[in-house]
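>>> Can you look at this prediction? I've put the sequence above it.
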Amino acid sequence: MVVLLGLLSPAPAREVQSHGLLFEKWLRDTFFGGYQPEGYTQKWDVPASANPNHGCIPVNPKATQYGTSIGLGDAIRQHQINEPFLLIVGFWQQPTPEQKCWVNVQAVRIEPSSWRQLWGKVSLADLIKLDAIIKDHSLTLEEAREQAKRLKAQEPYASALISLNPKIDRSQRRLQCSLSFDRFFAHLAKNADRSIQSQPTLFSVPVPAKFSSTPRVIEPVGQ
């Protein structure tokens, strides 16, 4: 059985692939009372108050291609997490250019101590230092990239299991972070089945074949 991601045909680059958003909406509708986030900048995608049945802790849903790193977002914000939370990750594959399918879904309760270990010896001050270089507009894009690359290859940055990902181009200067597929299962989901599954489930509920929603579209910069 192949669990298809609905409404996902090839699209131009400006169209944001919607499977992650559709997955998040299904999670909110199915497990969190149809909670609607106030905005993309709020601290948690699903706050603890909207999660009475699965630990009463905030929820951070993610979707990523099977075998690839899980994008976690802003590094400084992620480093500042100091409370338990539920990390839900949906992994997908793309067997053909016209379709994607869910092949594994995991929900893991993350304790602050476990989260802190992923950062190694990196402190908040260390991240602020790296972020300052990235956002230093007295540096050219090439200079900022080179300095950020050189710094994050050193200690204490090299001690982190979480990857630090400077995003430096004409439209952005941000410090993002991610966790590799292998490290997610090795350190956070130690007892989980990482194999490809024909019918992934979450809290004993099968992931549906299709989601009822429309893709989000972002217009090119300058329009």
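In hand now; what should we look at?
>>> and Arg194, what does it touch?
Contact analysis of Arg194 by Cβ atoms under 8 Å, 6 or more residues apart in numbering lists Asn104, Phe181, Phe185. From N, CA and C alone the C-beta is placed, and that goes for glycine too.
>>> And Trp115, how far from Ile81?
Look at Trp115 and Ile81: by Cβ to Cβ, to the nearest Å, they are 6 Å apart.
>>> Between the contacts of Arg194, which sits nearest Ser163?
Minimum distance to Ser163 across the contacts of Arg194 is 11.6 Å, recorded for Phe181 (Cβ to Cβ).
>>> and that closest one, how many neighbours does it have?
By other Cβ atoms under 10 Å, 18 other residues sit near Phe181.
>>> residues contacting it?
Tyr66, Gly67, Thr68, Ser69, Ile70, Phe91, Arg194.
>>> Cys56 against Val46, yeah?
No - using Cβ atoms under 8 Å as the test, Cys56 is too far from Val46 to be in contact (11.4 Å).
>>> Report the secondary structure element holding Thr30.
helix 19-31 (DSSP states H and E).
>>> Counting only helices, which of the contacts of Arg194 make the cut?
Phe181 (DSSP state H).
>>> Is it possible to get JSON lines of the contacts of Arg194 that adds pLDDT and distance to Leu130?
Output for these, formatted as JSON lines (pLDDT from 0 to 100; distance: Cβ to Cβ, whole Å):
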{"residue": "Asn104", "pLDDT": "96", "distance to Leu130": "32"}
{"residue": "Phe181", "pLDDT": "98", "distance to Leu130": "24"}
{"residue": "Phe185", "pLDDT": "98", "distance to Leu130": "27"}
